[in-house]
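Peer 1: I need the structure of the sequence given here:
(one chain, ligands or ions: 1)
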Amino acid sequence: MIFETHAHYDDDWFDTDRNELLNSMKSNGIETIVNVSSDKESIEKTIALTRTYPFIYGAVGIHPSDCGELEHDFIEDIRKASKEDKIVAIGEIGLDYYWDNVERDVQKWWFEAQMQLAREEKLPIIIHSREAAQDTMEMMKASKAEEIGGVVHCYSYSREMAKIFLDMGFYIGIGGVVTFKNAKKLKEVTEYVPLERIVIETDCPYLAPVPNRGKRNSSRNLPYVAQQIADIKGISYEEVVHKTYNNALALYRMEE
Ligand code: NI
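Peer 2: Alright, predicted model coming up:
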């Protein structure tokens, strides 16, 4: 059974068939899902999803591209949300210099404040970092993120950078991009990172793997990601599914 470590089922794109789709997960081998928040509204929707579906857990936090309009004291609302029963992480948080639609100082304020919150609430962090490797790494070091723990989701950087995150004890989230023909760098990273430190994710509705590239993504596409990792590492599909499941339990501290 597969553990989906990063999904956005609160997204409008699922409005037409969300319930039907989520109810089809078990019969398609998807056992557990973590729904990840990105803004104020999605925090509420994530909590609602965790209350409706026994197999859905949640992460609460503000995405770097969504923190532009927020009052600083919203951090206390995130804290309150993080105390909900099935909330297992703070995320997604970080820096995004690709879209770069929010002032970098504002992004940094929220990244640091949410790392601090995660430390206080004893929750792991889900890091979103795009074209901001150096600043992300420096801020993690300054906040002693190795004591907080978590995952660098939808990993897109080099092998050298992966080593730094691994040395800080972080997991590496691998998604649909690994199946893309031109994803040479990510395939190299996947070969390099020990299976013990990989978790799989879709980031759905975005980033559908081959052969469904460009369509709406869902956790039901995760077998393509697991198979690609198995092929790259020269191990069985079953081993990838089994190990990444246990890794996800450890990452989100959900072991019985
Ligand atoms: Ni995401």
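Peer 1: in the longest helix belonging to the chain, what's buried?
Peer 2: Ranked by residue count under DSSP state H, the longest helix found in the chain is helix 104-121. Neighbour-count burial for helix 104-121, with 16 or more other Cβ atoms under 10 Å as criterion, is recorded at 107-108, 110-111, 113-115, 117-119. All C-beta spots, glycine's among them, are computed from the backbone N, C-alpha and C.
Peer 1: Report all helices and strands that it contacts.
Peer 2: With contacts defined as 3 or more Cβ pairs under 8 Å, 6 or more residues apart in numbering; DSSP states H and E, helix 104-121 has these neighbours: helix 74-82, strand 87-96, strand 125-130, helix 133-142.
Peer 1: at 6 Å instead, please
Peer 2: Judged by 3 or more Cβ pairs under 6 Å, 6 or more residues apart in numbering; DSSP states H and E, the packing partners of helix 104-121 are helix 74-82, strand 87-96.
Peer 1: per-residue confidence averaged over that helix?
Peer 2: What helix 104-121 shows for mean pLDDT is 98.
Peer 1: just the strands in this structure please.
Peer 2: Ranges of strands in the chain, per DSSP state E, are 2-7, 30-36, 56-60, 87-96, 125-130, 150-152, 171-174, 198-200.
Peer 1: And the fourth one, what does it pack against?
Peer 2: Taking 3+ Cβ pairs under 6 Å, 6+ apart as contact, the helices and strands that strand 87-96 lies on are strand 56-60, helix 104-121, strand 125-130.
Peer 1: quick one: contacts of the last one?
Peer 2: Counting by Cβ atoms under 6 Å, 6 or more residues apart in numbering, strand 125-130 makes contact with 36, 59, 89-92, 94-96, 98, 118, 136, 148, 150-153, all of which sit outside it.
Peer 1: Make JSON lines out of the strands of the chain and add mean neighbour count, distance to Lys45 and mean pLDDT.
Peer 2: Below are the strands of the chain laid out as JSON lines (neighbours: other Cβ atoms under 10 Å; distance: least, Cβ to Cβ, whole Å; pLDDT from 0 to 100):
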{"stretch": "strand 2-7", "mean neighbour count": "27", "distance to Lys45": "12", "mean pLDDT": "98"}
{"stretch": "strand 30-36", "mean neighbour count": "24", "distance to Lys45": "8", "mean pLDDT": "98"}
{"stretch": "strand 56-60", "mean neighbour count": "27", "distance to Lys45": "9", "mean pLDDT": "98"}
{"stretch": "strand 87-96", "mean neighbour count": "27", "distance to Lys45": "13", "mean pLDDT": "98"}
{"stretch": "strand 125-130", "mean neighbour count": "27", "distance to Lys45": "16", "mean pLDDT": "98"}
{"stretch": "strand 150-152", "mean neighbour count": "28", "distance to Lys45": "21", "mean pLDDT": "98"}
{"stretch": "strand 171-174", "mean neighbour count": "25", "distance to Lys45": "21", "mean pLDDT": "98"}
{"stretch": "strand 198-200", "mean neighbour count": "25", "distance to Lys45": "23", "mean pLDDT": "98"}
